[in-house]
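Q: Provide a 3D model corresponding to the input given below.
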Amino acid sequence: NTQIHKHTNTQTHKYTNTKTQNTRRLRHRNPPVETQTSTKVLLKMATEVDAKIQAYQGLRMELAQLIDNRQTYTTQANETGMVKQELDLLESDAAVYKLVGPVLIPQSHDDAMQNVDTRLEFIKGELDKADKQIEAKEKQIEDLRAEILEEQKKMAMKAKEEAEAVAQAAVNE
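A: Sure, this is the predicted structure:
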């Protein structure tokens, strides 16, 4: 009663046993209820991991922006430090000019030194704040990375259990 059919493929010819093929289809049409539930759990876990990965990528972008801001403050601190060094070389009665828009305005040496010192203090405060923000963001990223890895381990274990359950169900049939 077994029928053999020849399937034409552009590269090869395959002969299949129709009875065996139909039996296999019947076995896989209705997976066990536990497998359906496990699959739903895995899908939910995968969705949660995907959301965490998106959050992780967002945090990485925020960190990159914080690092960029810190670099800007570092550059400003270096430039202002060089201005301070130049002002230190001048005598107290030397002519100092401040550029305001397109105009140079005369300024006393003491006022210029005070402005530069104030600017350096402000920049150093911003650098400290940026360092703290970077440190906090790195901790957030590391914590989220650990959560993602843990979820991925759980998913792998669940998938392994599901595969074992399907294999066991196939053996029992």
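Q: tell me the confidence at Glu48?
A: Here, the pLDDT recorded for Glu48 equals 91.
Q: and it, how many neighbours?
A: Residues lying near Glu48 (other C-beta atoms under 10 Å) number 14. For glycine as for every other residue, the C-beta is placed from the backbone atoms N, C-alpha and C.
Q: which other helices and strands does the host helix or strand of it contact?
A: Using DSSP states H and E, Glu48 maps to helix 33-89. If you count contacts as 3 or more C-beta pairs under 8 Å, 6 or more residues apart in numbering; DSSP states H and E, helix 33-89 packs onto helix 109-172.
Q: that older thread, tell me the first helix or strand C-terminal of the helix holding Glu48.
A: Downstream of helix 33-89, the next assigned helix or strand under DSSP H and E is strand 96-100.
Q: in the helix or strand that that next one is followed by, what's buried?
A: Proceeding N to C from strand 96-100, the next assigned helix or strand is strand 103-107, under DSSP H and E. Within strand 103-107, not a single residue qualifies as buried, counting by 16 or more other C-beta atoms under 10 Å.
Q: extract the CA atoms of strand 103-107 and return them as CSV.
A: What follows is strand 103-107, C-alpha atoms only, in CSV (Å, rounded to 0.1, in the frame of the first residue of the first chain):
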residue,chain,number,x,y,z
VAL,A,103,35.9,94.1,19.1
LEU,A,104,39.0,94.0,21.4
ILE,A,105,38.3,95.6,24.7
PRO,A,106,41.1,96.7,27.1
GLN,A,107,41.0,94.8,30.4
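Q: so what's Asp50 up against?
A: Contact analysis of Asp50 by C-beta atoms under 8 Å, 6 or more residues apart in numbering lists nothing.
Q: check contacts around the closest residue to Ile141 other than its chain neighbours.
A: Computed as C-beta to C-beta, 6 or more residues apart in numbering, the closest residue to Ile141 that is not its neighbour in sequence is Leu59, at 4.9 Å. With contacts defined as C-beta under 8 Å, 6+ apart, Leu59 is in contact with 137, 140-141, 144.
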